[in-house]
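Undergrad: Fold the following, please.
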Amino acid sequence: MENLNSLEQVTLTREYIKKHRLNELFAHFLKLLLYHLPEDPRGFLCKEITKIRDEKTRSSFFNEKDLETMFELIDVTRQKFITEQQLWNTCRNLSMNENEDADSEQSSSTQQTLEQAIANAVDENGHVTLEKFKEVVSMSLLVTNVSVE
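TA: Numbers count the residues shown, from 1 in each chain. You can find the predicted model right below:
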């Protein structure tokens, strides 16, 4: 990078950040820190990074109780179901990838996966139960958030 002018360096840096989804990664870790408020933030982050690397999974910011509470807040009429549109809105609001290019291959694949999951969650009356809600939102968080290679 020594021979590059500063504009080229900035462009390469931005491409690198986007390619490796560093903004999403740092946002994820910041959310975990603010949620758990560990006494040793560096140690906590080291454990999270090790967990992601070793298990090839992403730690979840929301647990099952959080998802149930979220559903209850959306189901204001207490009918034990929400609508397809409410599920779409929830997934969109929780997504960390709003800045991704709409035409990127990964974004398209993620969108298709989400569309299929939501289509499978909706019953013949257009309703989504708590269990289906938890499945889709959990899957959505795993698919759309940080992927570590």
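Undergrad: The nearest residue to G126 once chain neighbours are set aside: neighbouring residues, count only.
TA: Among residues not flanking G126 along the chain, E84 sits closest, at 5.6 Å (Cβ to Cβ, 6 or more residues apart in numbering). No exception for glycine: its C-beta is placed from N, CA and C like everyone else's. Here the count is done by other Cβ atoms under 10 Å, and E84 has 15 residues near it.
Undergrad: ok, now the one 4 residues further on?
TA: Applying other Cβ under 10 Å, we find 15 residues neighbouring W88.
Undergrad: list the buried ones in stretch 67-86?
TA: L67, M70, F71, I74, D75, F81, I82, Q86 (16 or more other Cβ atoms under 10 Å).
Undergrad: so how far is that stretch from its chain's centroid?
TA: 20 Å (Cα atoms, centre = their mean, to the nearest Å).
Undergrad: Looking at it now, give me its mean pLDDT.
TA: Here stretch 67-86 scores 95 as its mean pLDDT.
Undergrad: Could you report the separation of K65 from K134?
TA: Distance, K65 to K134, by Cβ to Cβ, to the nearest Å: 10 Å.
Undergrad: One more: T110?
TA: 19 Å.
Undergrad: And E48, by the same measure?
TA: For E48, the distance to K134 (Cβ to Cβ) stands at 23 Å.
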